[in-house]
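> Give the three-dimensional model of this entry:
(one chain, ligands or ions: 3)
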Amino acid sequence: MTQEITLTRPDDMHLHVRDGAALNTVVPHTAAEFARALIMPNLKPPVTTAAQALDYKQRILAAVPSGLAFEPLMTLYLTDNLPADEIARAKDAGVVALKLYPAGATTNSDAGVTDIRKTYKTLEAMQRAGLLLLVHGEVTASEIDLFDREAVFIDTQLIPLRRDFPELKVVFEHITTREAAQYVAQSDAFTAASITAHHLLYNRNAIFTGGVRPHFYCLPVLKRETHRLALVQAATSGSAKFFAGTDSAPHPAHLKEHASGCAGCYTAHAAMPMYAEAFDNANALDKLEAFTSFNGADFYGLARNTGTLTLRRERWTPAESFAFGDAQLKPLRSGESLPWRVI
Ligand code: NCD
Ligand code: ZN
Ligand code: ZN
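Ligands and ions are numbered 1, 2, ... in the order given. Now for the predicted structure:
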């Protein structure tokens, strides 16, 4: 049995760090494991200009503990009327991608896109400039069952989008279904997908075991076991189209343990241990490095990282909670022991 595994330093290709005092809690967790992370722009108000992205990047860097090398990769939030000429400024500022949130699909998505066609001028500019499009792939129509929203998005939104912008690189973010895994596996070289650790480890039973468990509630919501197995298969298949994106999404504990609790699981405190656990459960630790450290960088056209990270099979128990500004943050599996740890 493998006791220790050393990987090229990984990248988290989908991360929420919020802003203000919260940065001081969550940025150190990610910087301890990852060399880079792709920072989601769904602040209030959202990050929609290159200038805002540069300012936000400085605030994130200020929260990196000294002695750790960590690079935030910045994104902009796509809106119905993001001017196409902002794309050139974004490219110059080092922004790597724009994020498409269907309006109302998830946390802080009120300013999101109401109709993809409204963004076509901006998407044309992105395709020319080589900026990626990241999609929260769920339709929002209330008549569509919550558990079907990702599969319906593929047919009604993603397939037409791919046809209209064949050379725009698209990342189908935090996929949760067999349909999404199959769609991406069969698509051409311009489409890839990120997968979270929690969608590899849990199915929807986790949300309801012994009562409602709000810390397992995220969007897209956890699906049934057949879908989890399809995600594990995709992640461990050796296909370069799938890579790590934790979607670690911190919220104050009192807003998750609430009558209408927020969507988002916090996993940054133990992201690589959780990915290692999922790959180990599938007897696929040999596939972990490509998934966490190569495939994302390659798809984004970034150099691979140079340092290393070592994980050891050794039980440990993360903190029950962390200070989060004036509130508390409860990480996924708070107080529960994990089989792999970062050393
Ligand atoms: C994310 C958040 O809290 O910002 N929540 C989530 O459930 N995943 C938003 C997102 O990635 O959809
Ligand atoms: Zn999302
Ligand atoms: Zn997210």
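
> So which residues of this protein form helices?
Remark: helices assigned in the chain by DSSP state H are 22-33, 50-61, 86-92, 120-129, 149-153, 159-164, 178-186, 197-201, 225-235, 253-256, 271-281, 288-289, 295-300.

> got TSV for the ones you listed, with mean neighbour count, distance to T8 and mean pLDDT too?
For the C-beta atoms, the positions are set from N, CA and C on the backbone; glycine is no exception. Shown next, in TSV, are those (neighbours: other Cβ atoms under 10 Å; distance: least, Cβ to Cβ, whole Å; pLDDT from 0 to 100):
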stretch	mean neighbour count	distance to T8	mean pLDDT
helix 22-33	21	12	98
helix 50-61	17	22	98
helix 86-92	18	27	98
helix 120-129	18	28	97
helix 149-153	22	30	98
helix 159-164	14	31	98
helix 178-186	19	23	98
helix 197-201	24	18	98
helix 225-235	20	17	98
helix 253-256	17	34	98
helix 271-281	23	12	98
helix 288-289	20	6	98
helix 295-300	21	9	98
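
> Would you mind giving those as TSV with distance to R315 added?
As requested, these are exported to TSV (distance: least, Cβ to Cβ, whole Å):
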stretch	distance to R315
helix 22-33	18
helix 50-61	32
helix 86-92	44
helix 120-129	45
helix 149-153	34
helix 159-164	44
helix 178-186	31
helix 197-201	16
helix 225-235	22
helix 253-256	25
helix 271-281	10
helix 288-289	19
helix 295-300	29
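
> The residue of the stretch 1-150 of the chain found nearest ligand 2 and L158, how far apart?
Residue nearest to ligand 2 within the stretch 1-150 of the chain: H136 (3.6 Å; Cβ to the ion). Note on H136: its distance to L158, by Cβ to Cβ, to the nearest Å, is 11 Å.

> circling back: between the helices of the chain, which one is nearest to L78?
helix 120-129 (6.7 Å; Cβ to Cβ).

> who are the neighbours of that closest one, in terms of helices and strands?
When contacts are defined as 3 or more Cβ pairs under 8 Å, 6 or more residues apart in numbering; DSSP states H and E, helix 120-129 packs onto helix 86-92, strand 132-135.

> about what we covered before: quick one: closest of the helices of the chain to S337.
The nearest among those, by Cβ to Cβ, is helix 271-281 at 10.4 Å.

> which residues are there in the stretch 1-150 of the chain that come within reach of ligand 1?
Proximity of the stretch 1-150 of the chain to ligand 1 (Cβ under 6 Å from any ligand atom) is limited to residues H16, N42, T106, T107, N108, H136.

> Swap in 8 Å and give it another go.
By Cβ under 8 Å from any ligand atom, the residues of the stretch 1-150 of the chain that approach ligand 1 are H14, H16, M40, N42, Y101, A105, T106, T107, N108, S109, H136.

> in stretch 312-332, what counts as buried?
Of the residues in stretch 312-332, R312, R313, P318, F322, F324, A327, L329, K330, P331, L332 count as buried by neighbour count, 16 or more other Cβ atoms under 10 Å.
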